[in-house]
Structures are given as C-alpha cells and as structure tokens.
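*Asks:* The sequence and its predicted three-dimensional model are supplied below.
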Amino acid sequence: MMADLTALPEPFRLGFEALRARCPAAHVECVQDNFAYVWIEPIHFPDTIFPAPHERGCWVRIPLLFPNAQPHGIITKEQIVRIDGRQLQGAAGKHEICNPVLAVGASYYYSWTWNGTLGQGPPLRMPSDMRMVIEWVERRIQIA
C-alpha cells in the first residue's frame, strides 16, 4: 500500500529522504487529502513512564506542503498507556483520521500539533527538517 513518492511535491520528497537517512524503516504508507501518513520506527518510550515494549513505531501525519505546513497528529497500532494509568492528552481513540491506515493496523489517533503548549517543535525552515519529526514524537510521548 506504500505511496508513490514520485507523485509527491519535491520539497516533501527531499524532506523524506532526510528522514529516511535517519530512520531507514520510514516509508510513506499512503496519502490522504493534504497529508502523507509516514511510518517511523523505532520511537523510544521511556521505561519509567511506559510499559514494554520501549521501542515502537507509529504513523506521523506530515503535510504535503512541508516545510511550509507542520505535522499534525500520530496514529498508533495500540493505545499508548502510561504505567500510572493517566490518559495521554490529545488522545482521540479510533478516530476517522485512522481510516487511511486502518487496513495495516492503525487503531488510535493522537491529535498532537507541532506548535502548541505541549511539545513545541523547532522552526521548520527547509525540507531536511523533516528528520526532526522523530524527536518531536518522542518529546510529545514523554510529556503527554
């Protein structure tokens, strides 16, 4: 089901190449509306906050207009559950945004923005900044 990268805008493709150099497992699963659903792994989950496994994957919704538009939300195969039982902020359960990757195991959506009160991402200036989505996701997971 992986998307054809040649059909995507050049800045996005350049950004994805930078991400893939950092995360060889990264792939564009599909494109829906103005977003590419990009699988990234491994994402580190701190063992003091989350039960095992501590390395997992997820889809990040990256806009096709990257870096002129910011990533918004992640989708996981399982709900992210903290050891202390506290609900993660921005959790939306089986949201319709999961639908494009439902057939490959998606089940839980987290409506996390690049800029916001939690997990402020660095400024996005060039396509290669796409590689920073890994740190953004890990930081959001820790503070959610």
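*Replies:* Right, received. Where do you want to start? Numbering: from 1, shown residues only.
*Asks:* From now on I want contacts and neighbour counts done on CA atoms only, so please keep to that.
*Replies:* Fine.
*Asks:* Can you list the low-confidence ranges for this protein?
*Replies:* For the chain, the stretches flagged by pLDDT under 70 are 1, 116-119.
*Asks:* Counting residues, name the longest helix you see in it.
*Replies:* When the chain is scanned for its longest helix (criterion: DSSP state H), the result is helix 10-22.
*Asks:* hmm, who's touching that one?
*Replies:* Helix 10-22 is contacted from outside by 5-6, 26-27, 64-67, 126-132, using Cα atoms under 8 Å, 6 or more residues apart in numbering.
*Asks:* Now list the buried members of these.
*Replies:* The neighbour count (16 or more other Cα atoms under 10 Å) marks Ala26, His27, Leu64, Leu65, Phe66, Pro67, Pro127, Ser128, Asp129, Met130, Arg131 as buried among these.
*Asks:* Filter those residues down to the ones in strands?
*Replies:* Counted as lying in strands by DSSP state E, out of the buried ones among the contacts of helix 10-22, are His27.
*Asks:* could you dump the buried ones among the contacts of helix 10-22 to TSV with distance to Pro53?
*Replies:* Listed next are those as TSV, based on distance: Cα to Cα, whole Å:
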residue	distance to Pro53
Ala26	19
His27	21
Leu64	31
Leu65	33
Phe66	31
Pro67	32
Pro127	31
Ser128	29
Asp129	28
Met130	25
Arg131	23
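*Asks:* Ignoring the adjacent residues along the chain, who's closest to the most centrally placed residue in the chain?
*Replies:* Central residue of the chain (Cα atoms, centre = their mean): Val60, 2.1 Å from the mean position. Excluding the flanking residues, the one nearest Val60 by Cα to Cα, 6 or more residues apart in numbering is Ile74, at 4.5 Å.
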